[in-house]
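structure, please.
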Amino acid sequence: MGWTAALCRGSHPLLSTSLKAEANSDNSWRAVKMLLPEGHVMTLAFAIGLTIQDLKNHFANELKISPDIIQVSLDGSVVTDRDTLVDLGVQPHGTIQLEMSSIDPENHPIRPVKLQTEYNMPDVITVRVQAGTDTYQDVVVEIERATQRKAFLGGYRHKVTGTEFHHCAVQTLAKRRFGRGVETFCRDTQTVQVKSQAQQCSSTIATQINKIGCYVSNMEDKLVTPGPYVTAQQCIFQKMKAILILQKYARRWLAKCQVDQLRQEREERLEWLESQNARKLLEKEKQVEEEYRRRMNPQTKEDFALLYSALERWRKEEVERIDAMQEGAKRKGALCTLLNEETQHIASIGQHRLVAAKKNEEKAVQALLDKCAAPKAWKSLDGKVTEMDTQSTIRARELQELYSSLNTPYSHPDDRLGVLQALRDTVKEHDCKLTREILDLISREDDLMAREVKSVNLEGLRKRISTLFLQYIKTPAFNPEVARLLKVPPKAGQKRSKIYRCKACNNYLPCTGFSMSISGSQTARCHRCLELDNEARRRDDVSLYRDILQNLRSTEAERLPQAKITYLLQEQDLRYLVDVIWGAQSALSACDDMRDLVMVRWERAQEWSPWNCILLNKDEASAHLKMESIRLAYGTSFIRSIRHKHILARNYFSEIPAMAERFDNTAYLPAAQSSAPVALPVSTATE
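Numbering: from 1, shown residues only. Below is the predicted model:
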């Protein structure tokens, strides 16, 4: 049974409580308060049948003194050792207070035990509980402390205050896990520890010999003679020899594996190189085929620039051949013949340009009609595209189908008359000068077809009807969907800014109609005049430089979306940078194939600029961009030559920083096409 001092202070330890209800038997428990000499009180629960001698023995054991020197008194009267608690007048559900003193206080004083700071609750308390509706019962509650000492399972200690914080397993008892019906084992049970130990085992040997009643045949007996004695050194030598043989074959096997691995890597490397060479060859073949297709079927301005460039190369070769082989009058005659051939080629190119312009115009008209007839589309949250037709898109689709039917050749006149009747019904919904003219032309064609006029003679009239109907389709009043696709001209009273005059054709055009390099070397001429001058004099093809510039813009847009310098450069600027500064060849391998050259960063951590670039082929560029340190990869002389080229580029393109700063201040987006004003070297206009 635990005990405690009534005046102790401290933390609350783990306690276990047991309720003992009072009974009328002698074994019932009662609370006893023992008053010590120095005013301390000890409260304990005892059975009412115990004697005073039993109490003395208990307190002597607790106070570490002899029971003979203890004297117990009640209300100032000394009680005998044979008296029980019942004899002293202890009532049911009550308590008794006794005084304890020493017979010899000088030699054997009674000192209280050391206070337990971790426990501040009494061992025995009386609790009144309700037993019935109007009846109550006093119950003595005994508080017992746990006797086991829990193991320290770890925790934390505050470095400043020194307070220890234990894990929850230290504070509470572990919950017992009930069986789940399945036999389980811990990890130690499943792991076997193997220990090798050599020992000499006993071997029982017996020899069978002839005797009475037992015959052993000696037909298969062998005569064994002892061999030479093997010393310990010889045994060690044999073992070392065997070890060397094992090591030799093991090293042979390892070397063979390494050689096989190197051979496999070499084969993979050769296959990769072969595939890369095949890929490059295929790309070159595709480029040659594409260039041949562009020459045979030119469609764009770049295709015709390629034709004029090829014509100029042919003319120069012929002039060199004539100058080397002929002189005097024969040379002049050959040059005149060459001039006539050049004139014929130019005329042929002009005919191709007219055909291409007609095809491009038809494609543009068809693209406009497709955009007008396309339904409204938007993407939902789940990624699906939803389309919806409106009245305007349905109207545009009907006009598109009618325009296609109008331009389709028909073999039977009745089909053509049906299309004209549908066109008449559509146009007569609106009354204006355009519709009246279309109706007049439709009536005229009906009259001519009734007179059986040939279709060849009606081509002009039908072309006129088609042109007027296209004008009808492009009118927003008749086709509302076309309003968002037409270029709206500025109002007459609105002031037009950034209008410049071309010094070649004397036409006033907006800034987007002009082109000027960053260096300011171009004259103040419009795009059309520059193209005409190039076709007549230089006949340069900048398609290769345009490809290099587009590749540079795409790579820089991926690395740095805010890049502006690449959009400020034009084809002629990049041509000067490639041809003059870098010599139109790779800085490492001197490769001069323009189709394989790319412009990349010199310092990959900085933005691309003419003073932070290098011209390499595609393989060299991919390896260069993987380098961590340029100074460790290249030599000093090579780095010095690159720095010199960067200085030349910085001096030539000195206007780039000012233009980039102006873009930042005005918040203009860089244009993907050529753009610059004519009167100033710096521009923010876009085309």
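
and Leu223, what pLDDT?
Here, the pLDDT recorded for Leu223 equals 88.

need the three-state assignment for it.
coil (DSSP: H, G, I helix; E, B strand; the rest coil).

can you check the one 10 residues further on too?
Assigned with three-state DSSP, Gln233 falls in the helix class.

quick one: neighbours of it, just the number.
Here the count is done by other Cβ atoms under 10 Å, and Gln233 has 8 residues near it. Heads up, the C-betas are built off the backbone N, CA and C, glycines and all.

quick check: it vs Lys239, distance?
Using Cβ to Cβ, to the nearest Å, one gets 11 Å for the distance from Gln233 to Lys239.

now do Pro228
The value you get for Pro228 to Lys239, if Cβ to Cβ is used, is 18 Å.

between those two, which one's more packed in?
For Pro228 versus Lys239, neighbours defined as other Cβ under 10 Å are more numerous around Lys239 (10 against 6).

so what's that one scoring on pLDDT?
Here the pLDDT value assigned to Lys239 is 96.

mind telling me what element it is part of?
Applying DSSP states H and E as the criterion places Lys239 in helix 232-296.

repeat for Ile614
Secondary-structure assignment from DSSP H and E places Ile614 in strand 613-617.

and the helix or strand just after that strand, what other elements does it pack with?
Per DSSP H and E, the first helix or strand lying C-terminal to strand 613-617 is helix 618-624. If you count contacts as 3 or more Cβ pairs under 8 Å, 6 or more residues apart in numbering; DSSP states H and E, helix 618-624 packs onto strand 597-601.

contacts for the strand it packs on next, please.
Around strand 597-601, the neighbours that count as contacts under Cβ atoms under 8 Å, 6 or more residues apart in numbering are 548, 551-552, 555, 574, 577-578, 584-586, 591, 607-608, 612-618, 621, 624-625.

using PDB, write down the CA coordinates of stretch 258-269.
As requested, C-alpha coordinates have been extracted for stretch 258-269 and formatted as PDB (Å, rounded to 0.1, in the frame of the first residue of the first chain):
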ATOM      1  CA  GLN A 258      35.400  -5.500 -71.000                       C
ATOM      2  CA  VAL A 259      36.500  -6.000 -74.600                       C
ATOM      3  CA  ASP A 260      33.000  -7.200 -75.500                       C
ATOM      4  CA  GLN A 261      31.500  -4.100 -73.900                       C
ATOM      5  CA  LEU A 262      34.000  -1.800 -75.700                       C
ATOM      6  CA  ARG A 263      33.200  -3.600 -79.000                       C
ATOM      7  CA  GLN A 264      29.500  -3.200 -78.400                       C
ATOM      8  CA  GLU A 265      29.900   0.500 -77.600                       C
ATOM      9  CA  ARG A 266      32.000   0.900 -80.700                       C
ATOM     10  CA  GLU A 267      29.400  -0.800 -82.900                       C
ATOM     11  CA  GLU A 268      26.600   1.400 -81.300                       C
ATOM     12  CA  ARG A 269      28.800   4.500 -82.000                       C
END
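
quick one: contacts of that stretch?
The list of residues contacting stretch 258-269 from outside it, by Cβ under 8 Å, 6+ apart, is empty.

averaged pLDDT, it. What do you get?
Looking at stretch 258-269 alone, the average pLDDT works out to 96.

now do stretch 648-662
83.

now do stretch 308-322
In this model, stretch 308-322 carries a mean pLDDT of 91.

next: stretch 611-629.
When the per-residue pLDDT values of stretch 611-629 are averaged, the result is 90.

number of residues surrounding Ser405?
Under the neighbour criterion other Cβ under 10 Å, Ser405 is assigned a count of 16.

isn't it right up against Val419?
Yes. Taking Cβ atoms under 8 Å as the definition, Ser405 is a contact partner of Val419 at 4.9 Å.

mind giving me the packing neighbours of the longest strand seen in the chain?
With DSSP state E applied, the strand covering the greatest number of residues in the chain is identified as strand 136-145. For strand 136-145, the helices and strands in contact under the criterion 3+ Cβ pairs under 8 Å, 6+ apart are strand 15-20, strand 29-35, strand 124-130.

can you do 6 Å?
Counting contacts by 3 or more Cβ pairs under 6 Å, 6 or more residues apart in numbering; DSSP states H and E, strand 136-145 packs against strand 15-20, strand 124-130.

could you identify which of the ones you listed has the lowest mean pLDDT?
Looking at these, the lowest mean pLDDT belongs to strand 15-20 (a mean of 33).

in the stretch 101-250 of the chain, where is pLDDT below threshold?
Applying pLDDT under 70 to the stretch 101-250 of the chain flags residues 113-123, 143-153, 168-176, 187-192.

so how far is the longest strand of the chain off the chain centroid?
Taking Cα atoms, centre = their mean, to the nearest Å, the mean C-alpha location of strand 136-145 is offset from the chain mean by 68 Å.

what's the following helix or strand after that strand?
Under the assignment DSSP H and E, the closest C-terminal helix or strand after strand 136-145 is strand 155-157.

who are the packing partners of that next one?
Strand 155-157 sits against strand 164-166, with contacts defined as 3+ Cβ pairs under 6 Å, 6+ apart.

show me what counts as buried in the strand it packs on.
Counting neighbours by 16 or more other Cβ atoms under 10 Å, one finds that strand 164-166 has no buried residues.

partner strands of that strand and their direction?
Applying DSSP bridges to the sheet, strand 164-166 is found paired with strand 155-157 (antiparallel).

for the record, mean pLDDT for stretch 551-562?
Mean pLDDT, taken over the full extent of stretch 551-562, equals 89.
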